[in-house]
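Q: The sequence and its predicted three-dimensional model are supplied below.
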Amino acid sequence: MACKELVASGEFNSVEYNDTLYDASMILINYEVPCVIVEKSGSWIGAISLKDIVTFCVLRGMDPEMGEVQDAFRVKGNVAIADPETSLSEAIEIMKNENQTEIVVASEEKVLGVLTAVDIALALDGKGEQQHGSNFAPNDDDNNTIL
């Protein structure tokens with residue numbers, strides 16, 4: 001099964017790079033998503049998670065209403081990315097190598113969606129695709145690591 005099959009709706013949450021960290025956190029909490037895509041002038045430039053926001057604000061003693069997404073987001077180079085044709089097994093390997101619990105499914109500059117380790121585990125369950133013996137539980141060192 002390819003990643004594009006799990007993000008067929010093409011719907012995902014996004015914020016503008018100059019939105020406040022508070023606005024981004026409200027989207028993350030209200031939609032119960034692990035990360036949102038960061039856009040600038042209609043193009044995606046990265047992603048941000050609640051962990052990114054909390055870490056940034058706590059380390060600086062900053063109110064999330066005073067900070068902007070552009071201060072705390074992960075640029076594309078620091079985000080796990082899969083081509084739409086990437087198999088779910090390959091996506092797991094990318095996520096492991098990038099130490100991420102989510103992966104952005106994108107074709108060139110167009111984002112199709114975001115998949116989580118749980119999304120992939122549920123899709124692989126009973127589908128017959130080899131799972132490489134992966135566990136999706138966090139390890140003791142970092143709550144966001146796929147084993």
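A: Okay, I see it. As the structure is a prediction and not an experimental result, all values here were calculated from the model.
Q: Could you use CA atoms for every contact and neighbour count after this?
A: Fine.
Q: what sits up against the host helix or strand of residue 112?
A: Using DSSP states H and E, residue 112 falls within strand 110-116. Contacts with strand 110-116, where a contact means Cα atoms under 8 Å, 6 or more residues apart in numbering, come from 4, 6-8, 10-12, 34-35, 43-44, 84, 101-106.
Q: Could you list the paired strands of it along with their orientation?
A: strand 102-107 (antiparallel) (DSSP bridges).
Q: Buried residues, the partner strand. List them.
A: By neighbour count on 16 or more other Cα atoms under 10 Å, the buried set for strand 102-107 is 102, 103, 104, 105, 106.
Q: Just the buried ones from the contacts of strand 110-116, in PyMOL syntax?
A: Those of the contacts of strand 110-116 that count as buried under 16+ other Cα under 10 Å are selected in PyMOL with:
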select buried, resi 4+6+7+12+34+35+44+84+101+102+103+104+105+106
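Q: OK, contacts around the residue nearest the centre of the chain?
A: Central residue of the chain (Cα atoms, centre = their mean): residue 102, 3.9 Å from the mean position. With contact taken as Cα under 8 Å, 6+ apart, residue 102 is in contact with 34, 35, 80, 95, 114, 115, 116, 117.
Q: burial of the third one, as a residue count?
A: Residue 80 has 22 neighbouring residues, counting by other Cα atoms under 10 Å.
Q: Help me confirm that it comes into contact with residue 93.
A: No - applying Cα atoms under 8 Å as the test, residue 80 and residue 93 come out as separate, 10.2 Å apart.
Q: Would you mind measuring from residue 59 to residue 74?
A: 16 Å (Cα to Cα, to the nearest Å).
Q: Low-confidence ranges, the chain, go.
A: The model of the chain has pLDDT under 70 over residues 8-10, 126-147.
Q: Please, where are all the helices along it?
A: 21-30, 50-60, 69-72, 88-98, 117-124 (DSSP state H).
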